[in-house]
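Trainee: Quick one: sequence and predicted model below, then my questions.
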Amino acid sequence: MRSTSAREPAPTMAPAASLVFTTLLSHGPLTRSEVGRRTGLSPAAVTKAVRPLMELGYLVEGVDEEARPGVGRPASLVRVDAGRALFIGIKVTGDEIIAVLADLCCRIRTSRNARLSGREPEAVLPVVTALVQELLTEAVGLGVPVRGLGIAISGDVDRADGVVRYSPFLEWRDVPLAELAATATGLRVTVDNDVRALTVAEHWFGAGVGLSDFALVTVGAGIGCGLVVHGQVVSGAHGVAGEIGHLSLDPHGPLCHCGNRGCVEAVAADPALLRAVRAATGRPVADAAEALDLAHSGDPGVRAVYAQAGAAIGKAIGSLVNILGPERVIISGEGLAAYDLFAEGIRDAFAASAFGTAARCDVMTRPLPFEEWARGAAATAIQAFMGSNTYEEQR
């Protein structure tokens, strides 16, 4: 594995080259003819796209050692050289930072985490910088350059400008995080909404591989949603596409931190569940884990709270499926710990609200630890470095 300056210019790729790269990333190794079939490119276009990436060392070609002998010339496979570059991914939560060092195929080589003493940018940025420095030291030991840093954070994030417009859990407004982190670390920095970043990883490597249209719904401290439409992770004209957490289901429902009433998040996110459980029991329930224990112990009032939350999530998913018609909806997030309590409500509300054949959508659960969210941040850094066109970021 060669090592060059981390300041090596990012490759300038035509859309066809970017498409070939991401196809090989998700489905490779592939023969050139298979690349052509998957991308719709002609053999000449595939060759033109592959050549510069091979010259730069990001793609390599070799004989398929598993090809059966005596059946003619062995197939030659093209694959991404995972060891050509490394990327750092950071997931920022309200009380912890998780960091991973990933290779060019976004496989995690090592990870780190650190607790936060405060949520203001002045408290978070030094912790991010310290973790990045630790992982840069690891990269030196591997002899591979780090080409970019991705940071995933909840809320309204302007990826193009690298600005956190509003993060309700951190109480940040208009923080130029990409600029601050680039100055502190010396790396190219990509900042994105955490659910969209996780959606990128699921699109490339997870339950969304091979699907042109799917949604990822996350349940936990908030209710998030990432969308893939026609093979692209979309953010919308204003960067907030997929905010099903702020669908208002009941105008007379509980007040949401966004200012509206009856939002899915005001009913089904962890803080809302905790408030409702306290009201139902009259007890000073400390946290989501204690609330979950009460529900699993059979407390009918607490179980009713979770059932109502499941119904809200199911109705929101039904609305999403009616509008976009995805092939699959993936439910994830730390809130899956309560999925057995949510499941019936989600299933019944989805069946009641999904229209016609939309109800055929595959709704599945997929537990993902926070390291996977950090891996998603690393995936966004790979996107930015390779000029990927699998992310709709044109305004």
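Mentor: Cool, got the structure. Numbering: from 1, shown residues only.
Trainee: who does the helix or strand containing Leu180 touch, helix- and strand-wise?
Mentor: Using DSSP states H and E, Leu180 sits in helix 177-185. If you count contacts as 3 or more C-beta pairs under 8 Å, 6 or more residues apart in numbering; DSSP states H and E, helix 177-185 packs onto helix 121-142, strand 146-153, strand 163-167, strand 189-193. Where you see a C-beta, it was placed from the backbone N, CA and C, and this is true even at glycine.
Trainee: And the contacts of the longest one?
Mentor: I take that to be helix 121-142. 1, 86, 88, 90, 92, 97, 99-101, 109-110, 112-114, 116-118, 145-146, 149, 151, 170, 172, 175, 177, 180-181, 184-185, 187 (C-beta atoms under 8 Å, 6 or more residues apart in numbering).
Trainee: quick one: the helices in the protein?
Mentor: Using DSSP state H, the helices of the chain run over 15-27, 32-39, 43-55, 121-142, 177-185, 194-205, 264-268, 270-281, 288-296, 300-324, 339-353, 370-386.
Trainee: Report the separation between the nearest residue in space to Cys361 that is not next to it in sequence and Ile244.
Mentor: Nearest residue to Cys361, sequence neighbours excluded (C-beta to C-beta, 6 or more residues apart in numbering): Val321, at 4.8 Å. Per C-beta to C-beta, to the nearest Å, Val321 is found 11 Å from Ile244.
Trainee: hang on, the earlier thing: can you put the helices and strands packed on helix 177-185 in a markdown table and add mean neighbour count?
Mentor: Shown next, in a markdown table, are the helices and strands packed on helix 177-185 (neighbours: other C-beta atoms under 10 Å):
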| stretch | mean neighbour count |
| --- | --- |
| helix 121-142 | 17 |
| strand 146-153 | 27 |
| strand 163-167 | 19 |
| strand 189-193 | 28 |
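Trainee: Give me the distance between the nearest residue to Arg32 once chain neighbours are set aside and Thr31.
Mentor: Once flanking residues are discounted, Arg32 sits nearest to Val46: 5.2 Å by C-beta to C-beta, 6+ apart. Separation of Val46 from Thr31 (C-beta to C-beta) stands at 10 Å.
Trainee: More neighbours: these two, which one.
Mentor: Higher neighbour count among Val46 and Thr31: Val46, with 25 against 16, using other C-beta atoms under 10 Å.
Trainee: Might you report the residue contacts of that one?
Mentor: So Val46 contacts 20, 32, 35-36, 39 (C-beta under 8 Å, 6+ apart).
Trainee: is it true that the residue nearest to Cys361 touches Ala358?
Mentor: Yes: the pair Val321 / Ala358 is scored as a contact, 4.6 Å apart, by C-beta atoms under 8 Å.
Trainee: More neighbours: these two, which one.
Mentor: Neighbour tally, Val321 and Ala358, criterion other C-beta under 10 Å: the higher count belongs to Val321, 22 against 18.
Trainee: Next, the contact list for the more buried one, please.
Mentor: Contacts of Val321 by C-beta under 8 Å, 6+ apart are 215, 329, 350, 354, 358-359, 361.
Trainee: And Ala184, by the same measure?
Mentor: 125, 128-129, 132.
Trainee: Now flag whichever of these is closest to Ile346.
Mentor: Among these, Val128 lies closest to Ile346 (C-beta to C-beta), at 35.1 Å.
Trainee: circling back: which one of the helices of the chain lies closest to Cys105?
Mentor: Nearest of the helices of the chain (C-beta to C-beta): helix 15-27, 6.5 Å.
Trainee: between the closest one and helix 43-55, how big is the angle?
Mentor: Angle, helix 15-27 to helix 43-55, by axes from the mean of the first three to the mean of the last three C-alpha atoms, to 10 degrees: 70 degrees.
Trainee: No more questions from me, cheers.
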